[in-house]
Structure formats: structure tokens, C-alpha cells
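Undergrad: Here's my sequence, what's the structure:
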Amino acid sequence: MPFWYDYPMTTRTVFITGAAAGIGRATALGFAKRGYTVGAFDIDDAGLATLSAEIEALGATAVVGHLDVTDAEEFATRLREFVAQAGGRLDVLVNNAGILVGGRFEEIPVEKLHREVDINCKGVVNGLHAGFEHLRATPGSVAINLASASAIYGQAELADYSATKHFVRGITEALDIEWGAYGVRVVAIWPLFVQTAMTTNLKTNSTERMGIKLGPQDVADRILDAAEPNRFSKAIHQVHYTVGNQTRFLQEAARFSPVYLTRVVNRAIAKAH
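TA: Here you go, the predicted model:
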């Protein structure tokens with residue numbers, strides 16, 4: 001169950017999934033430094049307890065609690081409880097929770113692949129669906145989804161993961177158009193490989209060739225950029241936020257290259273035949 005506080009909150013608010021460690025934790029602390037009321041939710045209660053203490057030490061308010069993002073009912077309940085405690089506001093929803101399963105598709109147990117889809121796809125659906133009414137009621141709100149450079153083109157040895165991030169890309173683009181009528185932005189963050197627990201034991205040809213050069217703070221900084229966009233980002237209505245030079249190069253190259261050439265590049269990166 002969540003750990004609630006007994007005083008009202010009227011500052012800007014953020015609700016973050018997968019917040020106990022890695023990107024989610026760095027993001028929570030980043031918003032706390034900017035004075036947000038931070039809702040940090042995860043299945044890791046111990047990690048949330050230490051995060052809560054860090055947020056409070058920064059002078060911000062922390063609301064932490066258990067959340068399995070694959071459980072739509074729990075997601076909706078946690079959001080309702082948080083928004084009620086936070087003065088009726090949901091300024092930012094960060095769908096960060098995700099897992100990564102690497103290796104040759106046919107060698108991975110199908111239950112692991114299904115779990116990856118459940119968390120990376122259904123978890124985002126659950127968050128967006130439950131969050132809509134609260135986002136619509138908060139002027140200038142934004143839903144931020146964690147995509148990946150693997151959504152540029154299907155990535156060998158990360159086929160299932162790559163497919164889930166294509167899903168995130170698609171739902172982000174579609175809902176940004178739909179929800180624009182309500183003043184709600186929907187954006188996606190695009191990192192390449194990030195040094196977190198998800199990549200500790202990840203060994204693929206792509207990671208060996210490209211390296212793992214990003215840290216959680218790099219991604220958290222872009223999430224904050226997306227939450228509080230500058231004038232240029234507002235003017236062009238930026239939807240996709242790349243993280244790091246590698247992702248920026250790959251995305252730009254894909255934009256101006258024919259599909260067959262993009263395939264050749266991705267095959268070379270993965271050393272596939």
C-alpha cells in the first residue's frame with residue numbers, strides 16, 4: 001500500500017512508474033529538485049523507501065507506493081489516490097517501467113517474451129488510459145513514454161523488445177494527435193543502451209559494437225526537457241526526444257535513407273547475416 005502524508009499538496013505533480021532505481025529514480029530526484037510533488041511507484045518497496053528519504057531531503061514531497069503496471073485496476077487506483085492527495089493535479093505522467101530481454105528470439109522462453117510485452121506495452125496502455133482524466137483536468141499536462149532507439153528499425157537480438165518500443169512510438173504519436181484537443185501533450189523519449197540493471201548482463205552484437213554510453217541521468221535530463229519544453233520545442237510541437245549523439249545520428253540517418261539502406265545499417269550493427 002502507498003505511504004501517504006497528511007498535508008495538502010498544491011505544487012506541480014509528477015507520477016513515475018519503475019521509480020525505485022535506474023532511470024526512474026534519477027527522474028524522480030530531478031523533478032524533486034524542481035519542486036514537484038513526486039509520486040514514485042514500483043514493485044521494489046525497499047528501493048522506494050530510500051528514494052522517499054532522498055526526495056524529502058531535497059525539500060520536496062514524496063508519495064511512494066507499490067504498483068505492478070500490468071495490473072490495470074491497481075494502476076487506476078494508485079493514480080486516483082495520488083491525484084486526490086496532490087490537490088487534484090497530474091502535471092506529468094512518466095511511463096518508465098519496462099524490461100529488456102536480449103538474445104536470439106527462438107532461444108528465449110516464450111513466457112519471458114510475453115512478460116516483456118505485458119510490462120512494456122500493456123503497462124503503458126494502463127498508465128495512459130488511467131491517467132487521461134487526470135491529465136485532461138490539469139492545464140499544460142504531458143504524458144511521457146519511454147521509447148528506444150530500437151524503435152527506429154527492428155533490432156536483431158532484441159526483436160521482442162524492439163517491437164514493444166515500436167508500439168510505444170505508435171501510441172505516443174496517435175494519442176498526441178487525439179489528446180491535443182484537450183491540451184494534453186504525449187511525447188516519447190528515445191535513448192540507446194543505458195547503464196542500468198537491465199543492461200548489466202546484456203550481451204548482444206549491437207551492445208558490443210555500439211557500447212553502452214548513456215547513464216540514467218542522461219535520460220532523466222531529457223525527460224525533464226520534455227516536461228518543461230523550451231520555446232523551440234514548443235514551436236515545432238516536439239513529440240520525440242532523442243537521448244545522446246548515437247541515437248540522434250541513427251534517427252536522422254533513418255529519416256533520409258531508403259528503407260533498404262536502413263536495414264543494411266542495422267544488419268551491420270548487429271553483425272547479422
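
Undergrad: my guess is Gln217 meets Arg25, correct?
TA: No - with contacts counted by Cβ atoms under 8 Å, Gln217 stays clear of Arg25, the gap being 10.0 Å. Quick note: C-beta positions are derived from backbone N, CA and C, even for glycine.

Undergrad: which of those two has more neighbours?
TA: Counted by other Cβ atoms under 10 Å, Gln217 and Arg25 do not tie: Arg25 has more neighbours, with 26 against 14.

Undergrad: So which residues of the stretch 1-150 of the chain form helices?
TA: All helices of the stretch 1-150 of the chain, identified by DSSP state H, counting those that start in this stretch, fall at 22-33, 45-57, 72-85, 110-117, 123-136.

Undergrad: deepest of those helices, which one?
TA: helix 22-33 (a mean of 24; mean count of other Cβ atoms under 10 Å).

Undergrad: quick one, what contacts Asn126?
TA: Residues counted as contacts of Asn126 (Cβ atoms under 8 Å, 6 or more residues apart in numbering) are 69-72, 75-76.

Undergrad: can you list these in JSON lines and add distance to Ala137?
TA: Converted to JSON lines, these look like this (distance: Cβ to Cβ, whole Å):
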{"residue": "Val69", "distance to Ala137": "22"}
{"residue": "Thr70", "distance to Ala137": "26"}
{"residue": "Asp71", "distance to Ala137": "23"}
{"residue": "Ala72", "distance to Ala137": "20"}
{"residue": "Phe75", "distance to Ala137": "17"}
{"residue": "Ala76", "distance to Ala137": "15"}
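
Undergrad: which one is Val92 nearest to, not counting chain neighbours?
TA: In space, and not counting its chain neighbours, Val92 is closest to Val14: 4.1 Å by Cβ to Cβ, 6 or more residues apart in numbering.

Undergrad: neighbours of the one you found, just the number please.
TA: Val14 has 29 nearby residues by other Cβ under 10 Å.

Undergrad: So Asp176 is in contact with Val187, correct?
TA: Yes - applying Cβ under 8 Å, one finds Asp176 in contact with Val187, separated by 7.0 Å.

Undergrad: Counting neighbours, go ahead and name the busier of those two.
TA: Here Asp176 and Val187 are compared on neighbour count by other Cβ under 10 Å; more neighbours surround Val187, at 24 against 19.

Undergrad: OK, contacts around the more buried one?
TA: Residues near Val187 by Cβ under 8 Å, 6+ apart: 142-145, 172, 176, 226, 238-241.

Undergrad: Let me know the helix or strand that it is in.
TA: Secondary structure assignment for Val187, by DSSP states H and E: strand 185-190.

Undergrad: That strand vs helix 22-33, what angle?
TA: Angle, strand 185-190 to helix 22-33, by axes from the mean of the first three to the mean of the last three Cα atoms, to 10 degrees: 130 degrees.

Undergrad: I figured Thr61 hits Gly35, correct?
TA: No - proximity of Thr61 to Gly35 does not meet the contact threshold set by Cβ under 8 Å, at 9.3 Å.

Undergrad: what about Arg34, neighbour count?
TA: By other Cβ under 10 Å, 15 other residues sit near Arg34.

Undergrad: ditto for Tyr153
TA: Using other Cβ under 10 Å, Tyr153 has 18 neighbouring residues.

Undergrad: What score does it have for pLDDT?
TA: On pLDDT, Tyr153 comes in at 81.

Undergrad: cool, and the one 3 residues further on?
TA: Looking at Ala156, its pLDDT is 87.

Undergrad: Let me know the secondary structure of it.
TA: coil (DSSP: H, G, I helix; E, B strand; the rest coil).

Undergrad: Phe105 versus that one, what's the distance?
TA: Remark: distance between Ala156 and Phe105 (Cβ to Cβ, to the nearest Å) = 9 Å.

Undergrad: Among those two, which residue is more densely surrounded?
TA: It is Ala156, of Ala156 and Phe105, that has more neighbours when counted by other Cβ under 10 Å, with 17 against 14.

Undergrad: State the distance from that one to Ser150.
TA: Applying Cβ to Cβ, the value for Ala156 to Ser150 is 10 Å.

Undergrad: Please apply the same query to Glu157.
TA: Distance, Glu157 to Ser150, by Cβ to Cβ: 10 Å.
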